[in-house]
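**Student:** what follows is a protein structure lacking sequence information:
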């Protein structure tokens, strides 16, 4: 729970999110054309997508199944009958003059997700519904000064609209919710969750109120395309509303647009100018009938969902909660982790992933799939440490090398002669030499200057180019210095 | 006038098989007849050249013994059906230059059976009308004239061009579509058999939509057997239309010679009392009941109490769906776009649609938009849906005690062009007998049953339970048989 500090006291955030998740489907919701992202404009447009006269939609059953799976993932009710409605409005990139959606009876209702609040408490966020709908095309206003160009590739692509109740009470919770939902969608496979490409988009309904008061007037902020922007937009918008109210004004119910460049929201259309969408059931489509049998089959096909996976990593693998969460948050990382953990100690593998690997990926702005280090390579690296072949410190430089070259850790260790020196016969003379060369420090250490111990360790490491086994160096030094 | 144009489809097919004449001769004689009657304005687009080419192929098929079921039969196709590389206008300025790259399922089915299209027939704009006077391409004139007058009469609508093409012997059959009576009413006005099969029997894919929950393709012919032949070729499941029914297509030709003995014919006597129904129509109705009795059918009284609301329900639901279906004609991708420049998007829409649509279409878009608006939805659209269900239930009950229902197709004969024009409501009354079956999605026909004192044809309507086209044709042909002494040919033809 976070508050907005106003001049008249603290205000609460009331936030509801509508997430538009593009279903990972080869074909569109009502036509066979490809739903692939990034093709040349208007190359993936069927007669149906262009709303040619006499064309009729035919429901893509695969998309229905993805919505049901997602519904099961949020613990929701799957409606045995749902209906497609037409949402009527005119826009140049909406060829039919209506969007086919599910307004009255959606396929999924009454679900929830738990998210972690700032105070590390689990909070239940109710999800009102998931409905299926088709996406519009894209208007491009910036190609010519006096023309708008239309790309219909996206026209008809299948979306799930996932709508929460106004249960979110801070920008942080909103961000956590979207992350949680995204990881769920990815693990189910119903949406790739890619916000940059627009396969996950978010609208936020925001209002503010003093504690204990009734709900305030809300504004809808459209098309938030990153988690950062969701947070920024909510923060800005809530503050804007507080200022209006505290200055004696009234918040107008309206749809607003977030400008990522300025970090501000601005009016898109007021309530007076709101469209009357004239929703009515689409007479070209039959109701969607979902049998229990189908639900049961889809339930049995569900993969292990993120919450269960986190619990398992903590319980079975001994990971700490944080590492488990960050690893599970990304389906690909989780797979990578499990693969690397076969035969190696999972906790150590997890450490390498959550520290070194993430740091590298972030620094280079890379996805796991772009990275040269495979799960098998990381496993070997961890095994090299576990068997004492190399030290943890050396392992870090080996990891660097793996990341750059993609070579196997064994090869790197062998070629660069990095095998750990853990044999007493090699180390003892080196240590003796160092002790002999630093009588004053030995004296000081013996007189209680404990900190000097690490000086001696450092000297040994220097002499051995870091290859000395730290444990062995410790043991030998302690033994010799206490003499 | 070539005698070939007077042939029935079944006779023509037999003769073609026996090489009594060629397809080219048959097609040419119909083209000549169409040219002779061009003033009736039943074709928006003539496809004579293509037809001549196709008839040569058809002749070859006959000579090689691989003729298809309807090989060489010249037909008209309502300009509502999209035809590949042939302009398809829906009778509207909006689509006056629209050439589809695809062929509707129904016209494809017919082509696959060997029929030859000789023209796209005129129609009320977007199938909205009962007189074929709302077409951007001008009025269609009914070949029929009253005894005492040379006034031009309407052929009925919206499939008026299809009706006039067949009744003027310019095509052996013509495709139509029926949303609220657009086949049965013109069939009645033109002395033709017109049949609308069960909703879901004929694919709507590629048929320009008017009111999706009602639109159904159908056929005009000069007798029931010909209709049976055509319907067998047209009907069938199409996975491209989600509302198409996956049911096997019945054999229908034999139904036309099957006796109606022991068939139960329901008469909705309460509808006889409706105001504004012509006496001669009531007389025809009574005569038809006698015919059925004499043919051995059992006459039963059925009640369709909610049918009195059908007209009101229809004029809420059909415009509602139309207002949405016609939204796609926005000038952005195809069809008419205003020539005015320097407009913003909304202005472009307004000018395009103001210029592209006629009055009747605009009227219905406005009604439809109104009844779907959030303030009015409950009072109109949702209520209409409920009453529609009641009407459907009435039929269900009626069919518990009857196999087919018999009533007139229209409340009057063909009227003068221009009549009823200033009051849309009287125009809408034309559909009073046809709309109930449309709302219930039932198969129905209009069969010529009388000629008035004034010399104009009238049709009786038959309605059967869903998917019972067999009994529909069976009962229809009984009416036809007993009207065999009446010559349903317009004066001078």
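**Tutor:** In hand now; what should we look at? Note that the structure is predicted; figures quoted are calculated from it, not measured. Residues are numbered from 1 along each chain as shown, chains lettered A, B, ... in the order given.

**Student:** spell out which parts of the stretch 1-150 of chain A neighbour chain B.
**Tutor:** A:47, A:50-59, A:86, A:88, A:90-92, A:95-98, A:148, A:150 (CB under 8 Å from any CB of the partner chain). For glycine as for every other residue, the C-beta is placed from the backbone atoms N, C-alpha and C.

**Student:** how about the closest residue to chain B within chain A: what's its closest non-neighbour residue?
**Tutor:** Proximity of chain A to chain B (CB to the nearest CB) peaks at residue A:97, 2.3 Å away. Nearest non-adjacent residue to residue A:97, counting by CB to CB, 6 or more residues apart in numbering or on different chains: residue B:327, 2.3 Å away.

**Student:** got it, and residue A:21?
**Tutor:** Spatially, and ignoring its direct neighbours in sequence, residue A:21 is nearest to residue A:191 (4.0 Å; CB to CB, 6+ apart).

**Student:** helix, strand or coil: sort out that neighbour for me.
**Tutor:** Residue A:191 falls in the coil class when you classify it by DSSP: H, G, I helix; E, B strand; the rest coil.

**Student:** that one: neighbour count?
**Tutor:** Residue A:191: 26 surrounding residues under other CB atoms under 10 Å in any protein chain shown.

**Student:** so it sits against residue A:160, correct?
**Tutor:** Yes. The criterion here is CB atoms under 8 Å, and residue A:191 meets it with residue A:160 at 7.0 Å.

**Student:** overlap of the contact sets of these two?
**Tutor:** Common neighbours of residue A:191 and residue A:160, counting by CB atoms under 8 Å, 6 or more residues apart in numbering or on different chains, are A:21, A:23, A:66, A:70.

**Student:** how about the second one: what's its closest non-neighbour residue?
**Tutor:** Think residue A:23. Setting aside the residues directly before and after it, residue A:23 is nearest to residue A:158 in space (CB to CB, 6+ apart), at 4.1 Å.

**Student:** what's around the one you found, how many residues?
**Tutor:** Neighbours of residue A:158 under the rule other CB under 10 Å: 27.

**Student:** pLDDT at it, what is it?
**Tutor:** The model reports residue A:158 with a pLDDT of 98.

**Student:** try residue A:478
**Tutor:** Looking at residue A:478, its pLDDT is 86.

**Student:** identify the residues contacting it.
**Tutor:** Residue A:478 makes contact with residue A:453, according to CB under 8 Å, 6+ apart.

**Student:** now it: which helix or strand?
**Tutor:** Assigned by DSSP states H and E, residue A:478 belongs to helix A:470-481.

**Student:** then residue A:269?
**Tutor:** For residue A:269, the host element (DSSP H and E) is strand A:264-270.

**Student:** which positions in that strand come out as buried?
**Tutor:** By neighbour count with 16 or more other CB atoms under 10 Å in any protein chain shown, strand A:264-270 contains the buried residues A:265, A:268.

**Student:** that strand packs against which elements?
**Tutor:** When contacts are defined as 3 or more CB pairs under 8 Å, 6 or more residues apart in numbering or on different chains; DSSP states H and E, strand A:264-270 sits against strand A:219-224, helix A:227-246, strand A:254-259.

**Student:** may I have the phi/psi pair for the residue of chain A closest to chain B?
**Tutor:** phi 80, psi 10 (degrees, to the nearest 10).

**Student:** from what I can see it touches residue B:328, true?
**Tutor:** Yes. Using CB under 8 Å as the test, residue A:97 is close enough to residue B:328 to be in contact (5.1 Å).

**Student:** need the overlap of contacts for those two.
**Tutor:** With CB under 8 Å, 6+ apart, residue A:97 and residue B:328 have common neighbours residue A:51.

**Student:** what is the three-state secondary structure of the closest residue to chain A within the stretch 251-400 of chain B?
**Tutor:** For the stretch 251-400 of chain B and chain A, the shortest gap (CB to the nearest CB) falls at residue B:327, measuring 2.3 Å. Following three-state DSSP, residue B:327 is assigned to helix.

**Student:** show me what contacts it?
**Tutor:** Neighbours of residue B:327 in contact, by CB under 8 Å, 6+ apart: A:88, A:90, A:96, A:97, A:98.

**Student:** which one is residue A:324 nearest to, not counting chain neighbours?
**Tutor:** Nearest to residue A:324 is residue A:313, by CB to CB, 6+ apart, at 4.0 Å.

**Student:** am I right that that neighbour is in a helix?
**Tutor:** Yes. According to three-state DSSP, residue A:313 belongs to a helix.

**Student:** partner strands of the helix or strand containing residue A:123 and their direction?
**Tutor:** Here residue A:123 sits within strand A:122-134, counting by DSSP H and E. With DSSP bridges as the test, strand A:122-134 is paired with strand A:108-116 (antiparallel), strand A:158-164 (antiparallel).

**Student:** from the chain's centroid, how far away is the first one?
**Tutor:** Read it as strand A:108-116. Here strand A:108-116 is found 17 Å from its chain centre; the criterion is CA atoms, centre = their mean, to the nearest Å.

**Student:** not counting that strand itself, show me its contacts.
**Tutor:** A:67-68, A:70-71, A:74-79, A:122-131, A:173, A:176-177, A:180-181, A:184, A:307.

**Student:** cool, the shortest one as well?
**Tutor:** Residues from elsewhere that reach strand A:158-164, judged by CB under 8 Å, 6+ apart: A:16-23, A:25, A:28-29, A:35, A:60, A:63, A:66-67, A:70, A:74, A:101, A:125-135, A:177, A:181, A:190-191.

**Student:** in the helix holding residue A:478, what's buried?
**Tutor:** Buried residues in helix A:470-481, counting neighbours by 16+ other CB under 10 Å, are found at A:470, A:472, A:473, A:476, A:477, A:481.

**Student:** please apply the same query to stretch A:323-338.
**Tutor:** Applying 16+ other CB under 10 Å to stretch A:323-338 flags A:323-331, A:333-334, A:336-338 as buried.

**Student:** how about stretch A:82-96?
**Tutor:** Neighbour-count burial for stretch A:82-96, counted by 16+ other CB under 10 Å, picks out A:82-88, A:90-96.

**Student:** ok, now stretch B:222-237?
**Tutor:** Neighbour counts using 16+ other CB under 10 Å place B:222-236 of stretch B:222-237 among the buried residues.

**Student:** also stretch A:248-256?
**Tutor:** Neighbour-count burial for stretch A:248-256, counted by 16+ other CB under 10 Å, picks out A:251, A:254, A:255, A:256.

**Student:** the spatially most central residue of chain A in helix, strand or coil?
**Tutor:** Nearest to the mean C-alpha position of chain A, by CA atoms, centre = their mean, lies residue A:179 at 4.5 Å. Here residue A:179 is helix, with the state taken from three-state DSSP.

**Student:** just residue B:248 next, same as before
**Tutor:** What three-state DSSP gives for residue B:248 is coil.

**Student:** quote the end-to-end distance of stretch B:65-85.
**Tutor:** Using CA to CA, to the nearest Å, one end of stretch B:65-85 lies 29 Å from the other.

**Student:** any buried residues in it, and which?
**Tutor:** In stretch B:65-85, counting by 16+ other CB under 10 Å, buried: B:67-68, B:70-83.

**Student:** who's residue B:207 bridged to?
**Tutor:** Beta-bridge partners recorded for residue B:207 (DSSP bridges): residue B:81.

**Student:** so how many other residues sit close to it?
**Tutor:** Neighbour number of residue B:207 under other CB under 10 Å is 29.

**Student:** with residue B:59 instead?
**Tutor:** For residue B:59, the count of nearby residues is 21 (other CB under 10 Å).

**Student:** element containing the nearest residue to residue A:37 once chain neighbours are set aside, please.
**Tutor:** Sequence neighbours aside, residue A:197 is the residue nearest to residue A:37 in space, at 5.1 Å (criterion: CB to CB, 6+ apart). Counting by DSSP H and E, no helix or strand carries residue A:197.
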